[in-house]
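> Okay, predicted coordinates and the sequence, questions at the end:
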Amino acid sequence: MDFPQRLDLVRCGDELAWEAFVRFFQGRVFGLAYHYTAQAEDARDLTQDVFVRIYQNLALVPDEGGCLPWIIRITRNACIDHLRRRKARPPLWDLPADELFGLRASDPNPEEAHLAAVRKSMVHRALQELTDLNREIILLKEIQGLGIEEIATILEVPVGTVKSRSNRARLELAEKLVAAGMGG
Amino acid sequence: MDNPFLPPDMPLGLTQAILARTSGSTCQRLKDLACAYVDGALEVGQQSLGRGHLEICPSCAALVKALALSETTLPSLVHLNPGPWFTQRVLRATVHRTEQPSLWWKLMHRPRIALEAAYLGAAAGLMGSYLPLPMPHLTARVPAMVQPLGASVQRVVGQVVQAERRTSNTLQRGLVPKPAPMARVPSRSLWQRLTARIRSRLQAFHKAPSQPKAGEKSPKPGNP
C-alpha cells in the first residue's frame, strides 16, 4: 500500500493506518523537536502535541509531496512557540540532556555504535551553538533534506539567502566541531 | 604530494614564509572552497590545489575533516527514537480523545469550581442582605437568613418582651387568653398607593371649576 492510500485511510478514521502514520513520522518529528529544544522530554511533549494537531486537522494534510514540509512546518512552529515560552519563563532544569542517543542500540558493532553515538552527540551540541538561522538551515536542509524553495517558504526568507547561508552554516558547524576536538 | 607547484623536498616553513611575504595566507581561499571540496564539486585542477594546501595546513585539514564528518553524521540525525512507548502515548492522546466530555462536565470538574460556588453564594447572600428588595410584597416570603441581622435581632427581642408581658398578665389574671385572630391588614404596594393618589388628585381636579388667569380674557364662545 502506497502513501496516498494510507493517507486516505487515515483521513477516513482507520486507527491502524493512523498508528502506521505515527510510527512513520514520529522519529522525524521527535528528532526535529529535539534539535530545536535540546530537551528530550520537551521534545516528546511537543511531538505529541504535533500529532494531536495533525489528527485534529486530518482534512488539511497535503498529499505525498507536500506532507513532509507541512508536518515540518507545524513542528517548527510548535518548537518556536515552546522556545518563546521557555525564554519568557525558563525552567530550573535547563541543562542539556544527552540521554537520548543511548536509547539506540540497533548498530551491530558496539564500538562503532558508541563512536557514532559520540559523533552524533558532538554534532548535536555544536548545532546548539550556531546562530538561529544557520541552525535552522542545517536542520531543514542537511538533516531533513528539504529543498531550497521549501526552506525559504518555511523560514520566510528569500531563496538567495538560503543558498548563500547554506555553505556558511556548514562551515560554522565545522568550526564548532573543530573547536570541540572532532576534526583533529 | 600531488601539488604540482611544490617540489617534494620543499620545507613547509619556507613555503609559509614566502606566502606571508607575497600573497598572504591562502586559508581563507580554501575556506571559501571547502564545502565544494568536500562535496566533490570542484574542477580537477582546483581539487588538486586544495589537496595540496591541506597537506601543509593542519588547521584547514581539521576543518575539512570536521566538515566531511558532519556531512556524514547529519543525515543520520533525521530519525531519533523517542522511546519504546511513545506511539501508544500519541495514540492515547489522539484516538481516545475523540470522545470529548461535555461542556457542562468540563465546567463542573474544574479545580476551582467549589471556590467559585462559595464565592458566588457569599456574594448573593451579601447582596440579599443589604440591598432593598424591589417588591415589598415579597418581603414576607424572604427567608430570615437574608434579612438584616440588626432588624431580626430587634424584632426577636421585641417579640420576646411582648411574650413575657403577655405571660405575666395572663398569670396575674389566672386565665389563659384565647389567641386573638390576627387581623391581616392588607399592605398596599407602592404602585397601589401611587395610583390611589393620582386618582384622588384627578377627582379633585375635575371637581374644581376652571378659573381664568389674571392676564387672560375669558374665552368667547365659539361657533359650533
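That came in fine, so what should we check first?

> And what about A:A113, helix, strand or coil?
Per DSSP: H, G, I helix; E, B strand; the rest coil, the secondary structure class of A:A113 is helix.

> Quick check: buried residues in the lengthiest helix in chain A?
When chain A is parsed with DSSP state H, its longest helix is helix A:64-88. Using 16 or more other C-beta atoms under 10 Å in any protein chain shown as the test for burial, helix A:64-88 gives A:67-76, A:78-79, A:82. For every residue, glycine as well, the C-beta is placed using N, CA and C.

> Identify the residues contacting the spatially most central residue of chain A.
The centroid of chain A falls nearest to A:L32 when counting by C-alpha atoms, centre = their mean (1.2 Å). A:L32 makes contact with A:72, A:75-76, A:79, A:139, A:143-144 under the criterion C-beta atoms under 8 Å, 6 or more residues apart in numbering or on different chains.

> Tell me which two of these sit farthest apart.
For the contacts of A:L32, the maximum inter-member distance is 13.6 Å, found between A:C79 and A:I143 (C-beta to C-beta).

> rewinding a little: any idea which element the residue nearest to the centre of chain A lies in?
helix A:15-37 (DSSP states H and E).

> Can you list the buried residues in that helix?
A:17-22, A:25-37.

> what's the spacing between the helix or strand A:S121 falls within and its chain's center?
Taking DSSP H and E as the definition, A:S121 sits inside helix A:110-128. A distance of 16 Å separates the centroid of the chain from that of helix A:110-128, by C-alpha atoms, centre = their mean, to the nearest Å.

> C-alpha coordinates for that helix, PDB please?
The C-alpha coordinates for helix A:110-128 follow below in PDB (Å, rounded to 0.1, in the frame of the first residue of the first chain):
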ATOM      1  CA  PRO A 110      29.200  -1.900  19.800                       C
ATOM      2  CA  GLU A 111      32.400   0.000  19.200                       C
ATOM      3  CA  GLU A 112      31.000   1.600  16.000                       C
ATOM      4  CA  ALA A 113      27.700   2.300  17.700                       C
ATOM      5  CA  HIS A 114      29.500   4.000  20.600                       C
ATOM      6  CA  LEU A 115      31.600   6.100  18.200                       C
ATOM      7  CA  ALA A 116      28.500   7.000  16.100                       C
ATOM      8  CA  ALA A 117      26.700   8.000  19.300                       C
ATOM      9  CA  VAL A 118      29.600  10.200  20.400                       C
ATOM     10  CA  ARG A 119      29.800  11.800  17.000                       C
ATOM     11  CA  LYS A 120      26.100  12.500  17.000                       C
ATOM     12  CA  SER A 121      26.200  13.900  20.400                       C
ATOM     13  CA  MET A 122      29.000  16.300  19.400                       C
ATOM     14  CA  VAL A 123      27.200  17.400  16.300                       C
ATOM     15  CA  HIS A 124      24.000  18.000  18.300                       C
ATOM     16  CA  ARG A 125      25.900  20.100  20.800                       C
ATOM     17  CA  ALA A 126      27.600  22.000  18.000                       C
ATOM     18  CA  LEU A 127      24.300  22.700  16.400                       C
ATOM     19  CA  GLN A 128      23.100  24.300  19.600                       C
END
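
> Now do the buried residues in the helix or strand hosting B:T73.
Using DSSP H and E, B:T73 sits within helix B:58-73. For helix B:58-73, burial by neighbour count (16+ other C-beta under 10 Å) applies to B:60-71, B:73.

> after the top helix by length along chain B comes which helix or strand?
Longest helix of chain B, by residue count under DSSP H: helix B:149-173. Heading C-terminal from helix B:149-173, the first helix or strand you meet, by DSSP H and E, is helix B:190-207.

> on that earlier part again, relative to chain B, which of the contacts of A:L32 is nearest.
A:I143 (5.2 Å; C-beta to the nearest C-beta).

> How about the contacts made by the closest one?
A:31-32, A:35, B:74-75, B:77-78.

> check the buried residues of helix B:58-73 against chain A, which are close?
B:61-67, B:69-71, B:73 (C-beta under 8 Å from any C-beta of the partner chain).

> Against which helices or strands is the helix holding A:S121 packed?
helix A:15-37, helix A:159-179, helix B:58-73 (3 or more C-beta pairs under 8 Å, 6 or more residues apart in numbering or on different chains; DSSP states H and E).

> so for it, what's the average pLDDT?
Mean pLDDT, computed over helix A:110-128, is 88.

> And for stretch A:50-63?
Rounded mean pLDDT across stretch A:50-63 is 90.

> now swap in stretch B:105-121 and tell me
pLDDT averaged over stretch B:105-121 gives 82.

> Now do the end-to-end distance for it.
21 Å (C-alpha to C-alpha, to the nearest Å).

> buried ones in it?
Of the residues in stretch B:105-121, none is buried (16+ other C-beta under 10 Å).

> in the helix or strand hosting B:R92, what counts as buried?
Here B:R92 sits within helix B:86-94, counting by DSSP H and E. Across helix B:86-94, burial judged by 16+ other C-beta under 10 Å covers B:86-87, B:89-91, B:94.

> Okay, now the unreliable bits of the chain?
Since no chain was named, I'll use chain A. Residues of chain A that meet the criterion pLDDT under 70 lie in A:1, A:90-108, A:183-184.

> wrong chain, I was asking about chain B
Scanning chain B for pLDDT under 70 picks out B:1-12, B:20, B:23-24, B:96-101, B:131-150, B:174-186, B:208-224.

> That one against chain A: which residues are in contact?
B:31, B:34-35, B:59, B:61-67, B:69-71, B:73-83, B:86-87, B:89-91, B:93-95, B:97.

> Run through the residues that contact A:W70.
Taking C-beta under 8 Å, 6+ apart as the definition, contacts of A:W70 comprise A:60-62.
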